[in-house]
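K.L.:
Predicted coordinates and the sequence they were generated for:
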Amino acid sequence: MCGIIAYTGFRQAVPLLLEGLRRLEYRGYDSAGLAVQNGEGYRLFKQAGKVSDLAKAVEGFSLEARIGIAHTRWATHGAPTDANAHPHVSYDGEVVLVHNGIIENYAMLKAYLLEQGISFSSDTDTEVLTHWIAWTRQKLADAPWEKVIREAFAHVEGTFGIAMLVRSLPDHIILLRRFSPLLIGVGRGEYFAASDATPLVPYTRSVIHLEEDEFAFLHPDQTEPLIFSLRDQPRTPKVEHIDWDIAAIERGGYPHFMLKEIFEQPNALRDCMRGRIRLEPLEVRLGGISRVMDRLISAPRLTLVGCGTSWHAALVGEYLIEQLARIPTEVEYASEFRYRNPVISSQDVVIGISQSGETADTLAALRLAKQQGALILGITNVVGSSIPRETHAGIYIHAGPEIGVASTKAFTAQLTALTLFALHLGANRYVLDRNFHDLLIEYLLRLPDLVATTLQQINEPVAQLAESIAHASNVLYLGRGYNFPVALEGALKLKEISYIHAEGYPAAEMKHGPIALIDKDMPVVVIALRDSLYEKVLGNIQEVRARGGRVIAIATQGDTEIQSYAEQVLYVPEVPEPLSPILTVLPLQLLAYHTAVLRGCDVDQPRNLAKSVTVE
Ligand code: G6P
């Protein structure tokens with residue numbers, strides 16, 4: 001959600017900032033802008049549209065500059081117009097600022113500034129903040145910037161990751177963070193800052209995470225950045241190392257990141273399991289939660305919170321944990337949990353599931369649970385992101401950077417991590433049959449290869465199937481048991497990237513409503529594996545067919561019976577039920593992908609969405 005990149009050093013800033021924006025564009029793509037300092041003044045370019053439009057606008061200007069800030073926006077306050085694009089400049093030209101987040105009390109600050117005679121040229125909360133900082137400095141009679149920032153932000157409520165240039169401190173970038181992530185990239189004689197690591201990796205893999213309520217001054221001559229806290233004493237920055245390289249954030253010959261990430265799933269699963277399975281005896285080891293195992297084993301209940309695809313992973317997690325570890329488990333949308341005054345005791349365990357580790361609602365839900373004494377854990381992908389930093393313990397899924405806005409490899413890696421977690425808990429609670437435990441681990445180890453062959457086998461048939469789906473207005477997805485959440489995920493994938501309305505439903509619930517929608521124009525995708533619910537699902541398929549519905553089945557390899565029930569069948573290999581979602585979701589990911597491509601949609605950057613939702 002909104003991407004920020006900033007640079008100060010010896011390189012040409014404009015191409016660097018534009019390249020950084022391209023890498024960050026998946027965070028938001030309503031508008032883009034940049035400002036560079038050269039000599040006494042600034043040059044500012046900003047407009048609605050994508051980074052490529054901004055690049056065209058900048059072309060032809062020779063912009064010698066070694067320092068600048070840039071932004072790609074996901075609109076919150078104000079429509080995506082040129083005026084609302086960032087950076088914003090203060091009324092006196094002192095402050096140029098980009099912002100990720102929301103200023104909650106912007107209306108009050110704006111009213112005050114209007115009374116002081118300051119006028120506004122946009123509808124954004126960010127412009128209010130920009131003027132507010134300049135106004136505070138004027139009021140403090142040009143006091144040092146450290147003091148100005150403390151005073152200005154004593155009156156600002158909301159969330160922010162901010163990068164700014166100020167005229168009175170040439171060659172400096174000032175950063176500030178509350179809630180919205182910001183990283184400093186440390187080079188030799190140069191500094192970078194960004195909302196996430198993707199634009200930094202081509203230049204440096206040494207980063208410093210700005211902590212909550214910290215602000216920093218970056219100047220190329222400093223051996224280390226000056227970091228202050230709005231609350232406490234300055235701290236000595238700790239440099240951390242990013243362990244993936246530039247290939248991970250390039251498309252590598254694929255037409256879209258989404259397709260690349262779908263095909264990266266075998267490796268994502270391998271990386272998620274690496275070092276976590278001991279062979280003799282077969283056993284799961286999860287170092288990230290070993291310190292809290294006693295509390296986990298005795299927890300009366302677990303609550304899993306997440307949003308979007310991560311919430312779907314949590315739903316599968318509920319089935320896994322209840323079946324394998326026999327701990328009552330609840331799943332909640334993080335956004336609902338945090339606002340409904342949940343009953344939380346000190347024995348509770350609340351687990352946030354999040355690819356980015358930054359989703360505002362998930363983070364807030366975990367903070368709430370922590371305040372009330374619960375043990376909080378994170379299952380996240382982005383190393384060093386806010387959730388793993390704030391939780392007591394956790395599990396990284398190690399899926400590698402996920403750039404496509406529609407989550408794919410993070411989902412299957414989350415399911416893998418949740419399976420490991422449930423197996424580990426089940427074994428430590430002595431509630432899991434040893435043979436079943438071993439069988440699941442053996443299949444887990446085979447899964448990366450099974451995923452790879454499945455993807456190879458179904459990609460072409462799914463691409464053909466997509467031709468008949470691309471014209472549909474509605475698609476229904478049905479599944480039961482472990483595959484009910486997969487039906488939800490299949491529907492979400494289709495609607496978010498192809499803009500076809502889709503709904504996921506537990507197959508048996510269909511007759512309580514959605515059955516009314518079924519006619520010959522409504523494709524119904526049914527996950528109908530040869531598992532404990534097979535016969536029941538066949539019954540549900542008959543109900544669809546009796547109403548003229550068109551059935552597409554996701555079935556178990558070798559099941560020929562299903563062919564007489566469905567117009568089209570896509571096969572996945574047979575695995576124990578708890579592992580089946582990792583395979584059944586593959587055709588659904590590909591179906592959404594190929595349908596979106598056929599409809600000419602922007603697969604990696606679907607309209608109105610953002611990869612990392614750092615606002616409520
Ligand atoms: C956004 C993304 C989804 C993602 C959800 C939760 O809506 O578009 O793909 O599932 O946020 O994100 P998280 O990073 O917490 O998993």
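P.N.:
That came through, no problem. Numbers count the residues shown, from 1 in each chain.
K.L.:
Beyond the lengthiest helix in the chain, next helix or strand please.
P.N.:
Taking DSSP state H as the criterion, the chain has its longest helix at helix 434-469. Where DSSP states H and E defines the elements, the next helix or strand beyond helix 434-469 is strand 474-479.
K.L.:
Let me see the residues that make contact with that following strand.
P.N.:
Residues outside strand 474-479 that contact it (Cβ atoms under 8 Å, 6 or more residues apart in numbering) are 469, 485-488, 490-491, 494, 500-507, 510, 514, 517-518, 521-527, 537, 540, 544, 549, 584, 588. Quick note: C-beta positions are derived from backbone N, CA and C, even for glycine.
K.L.:
Repeat the analysis, applying 6 Å as the threshold.
P.N.:
486-487, 490-491, 494, 500-505, 507, 514, 522-527 (Cβ atoms under 6 Å, 6 or more residues apart in numbering).
K.L.:
same for the helix or strand following it, what does it pack against?
P.N.:
Sequence order places helix 484-498 as the next helix or strand after strand 474-479, per DSSP H and E. Counting contacts by 3 or more Cβ pairs under 6 Å, 6 or more residues apart in numbering; DSSP states H and E, helix 484-498 is packed against helix 308-325, strand 474-479, strand 501-506, helix 581-598.
K.L.:
just the angle between helix 484-498 and helix 581-598, please?
P.N.:
Angle, helix 484-498 to helix 581-598, by axes from the mean of the first three to the mean of the last three Cα atoms, to 10 degrees: 20 degrees.
K.L.:
The longest helix of the chain vs helix 308-325, what angle?
P.N.:
On the basis of the same axes, to 10 degrees, helix 434-469 is oriented at 150 degrees to helix 308-325.
K.L.:
Helix 434-469 vs strand 501-506, what angle?
P.N.:
150 degrees.
K.L.:
buried residues in helix 434-469?
P.N.:
437, 440-441, 443-444, 447-448, 450-451, 454-455, 457-459, 462-463, 465-466, 469 (16 or more other Cβ atoms under 10 Å).
K.L.:
Now Q222. Nearest residue, chain neighbours left out?
P.N.:
Setting aside the residues directly before and after it, Q222 is nearest to Y191 in space (Cβ to Cβ, 6 or more residues apart in numbering), at 7.8 Å.
K.L.:
beta partners of that neighbour?
P.N.:
T8, V186 (DSSP bridges).
K.L.:
correct me, but it touches T8?
P.N.:
Yes: assessed by Cβ atoms under 6 Å, Y191 is found in contact with T8 at 5.5 Å.
K.L.:
Contact residues of the stretch 251-400 of the chain facing the ligand?
P.N.:
When proximity is defined by Cβ under 6 Å from any ligand atom, the stretch 251-400 of the chain lies next to the ligand at C307, G308, T309, S310, S354, Q355, S356, T359, T362.
K.L.:
Show me how far the longest helix of the chain is from its chain's centre.
P.N.:
Its chain's average C-alpha position is 24 Å from that of helix 434-469, according to Cα atoms, centre = their mean, to the nearest Å.
K.L.:
what pLDDT, on average, does that helix get?
P.N.:
The pLDDT scores in helix 434-469 average 97.
K.L.:
just stretch 73-89 next, same as before
P.N.:
Mean predicted confidence for stretch 73-89 is 86.
K.L.:
ok, and the most crowded of the residues of the stretch 251-400 of the chain next to the ligand?
P.N.:
Most neighbours among these, by other Cβ atoms under 10 Å: S354, with 35 neighbours.
K.L.:
nearest residue to it other than its sequence neighbours?
P.N.:
Closest to S354 by Cβ to Cβ, 6+ apart is T362, at 4.8 Å.
K.L.:
For that neighbour, give its distance to A374.
P.N.:
As judged by Cβ to Cβ, to the nearest Å, T362 and A374 stand 14 Å apart.
K.L.:
Past the helix or strand where E261 lies, which element shows up next along the chain?
P.N.:
For E261, the host element (DSSP H and E) is helix 257-263. Using DSSP H and E, the helix or strand that follows helix 257-263 in sequence is helix 265-273.
K.L.:
contacting residues around that next one?
P.N.:
I397, H398, A399, K409, T412, A413, T416, A417, L447, P448, V451, A452.
K.L.:
Next, the buried residues of it.
P.N.:
Using 16+ other Cβ under 10 Å as the burial criterion, the residues of helix 265-273 that qualify are Q265, P266, N267, A268, L269, R270, D271, C272, M273.
K.L.:
returning to what we had before: among the contacts of helix 265-273, which two are most distant?
P.N.:
Maximum pairwise distance in these, criterion Cβ to Cβ, is 19.2 Å, between A417 and A452.
K.L.:
near the ligand, which residues of the protein?
P.N.:
Contact residues, the chain versus the ligand (Cβ under 6 Å from any ligand atom): 307-310, 354-356, 359, 362, 405-407, 609, 611-613.
K.L.:
Now, these that are in helices?
P.N.:
Counting by DSSP H, the residues of the chain next to the ligand contribute G308, T309, S310, T362 to helices.
K.L.:
Max pairwise distance over those residues: which two?
P.N.:
T309 and T362 (12.1 Å).
K.L.:
Unless I misread the structure, Y571 falls within a strand.
P.N.:
Yes: Y571: assigned to a strand according to DSSP: H, G, I helix; E, B strand; the rest coil.
K.L.:
can you give me the strands in the stretch 301-450 of the chain?
P.N.:
In the stretch 301-450 of the chain, the strands defined using DSSP state E, counting those that start in this stretch lie at 302-306, 329-333, 349-354, 375-380, 393-396.
K.L.:
Most tightly packed of the ones you listed?
P.N.:
strand 349-354 (a mean of 30; mean count of other Cβ atoms under 10 Å).
K.L.:
so what secondary structure elements neighbour that one?
P.N.:
strand 302-306, helix 308-325, helix 360-371, strand 375-380.
K.L.:
residue ranges with poor pLDDT in the stretch 501-616 of the chain?
P.N.:
For the stretch 501-616 of the chain, the stretches flagged by pLDDT under 70 are 610-616.
K.L.:
Go again with 80.
P.N.:
Scanning the stretch 501-616 of the chain with the threshold set as pLDDT under 80 gives 510-511, 513-516, 607-616.
K.L.:
what's the answer for the stretch 201-350 of the chain, then?
P.N.:
232-235, 243-249.
K.L.:
Which part of it gets nearest to the ligand, residue-wise?
P.N.:
At 2.8 Å from the ligand, G308 is the closest residue in the stretch 201-350 of the chain, using Cβ to the nearest ligand atom.
K.L.:
For the chain, list the residue farthest from the centre, please.
P.N.:
A141 (42.5 Å; Cα atoms, centre = their mean).
K.L.:
I'd like the secondary structure assignment at that residue, please.
P.N.:
coil.
K.L.:
Can you lay out the helices and strands packed on strand 349-354 as CSV showing distance to A247?
P.N.:
Converted to CSV, the helices and strands packed on strand 349-354 look like this (distance: least, Cβ to Cβ, whole Å):
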stretch, distance to A247
strand 302-306, 29
helix 308-325, 24
helix 360-371, 29
strand 375-380, 22
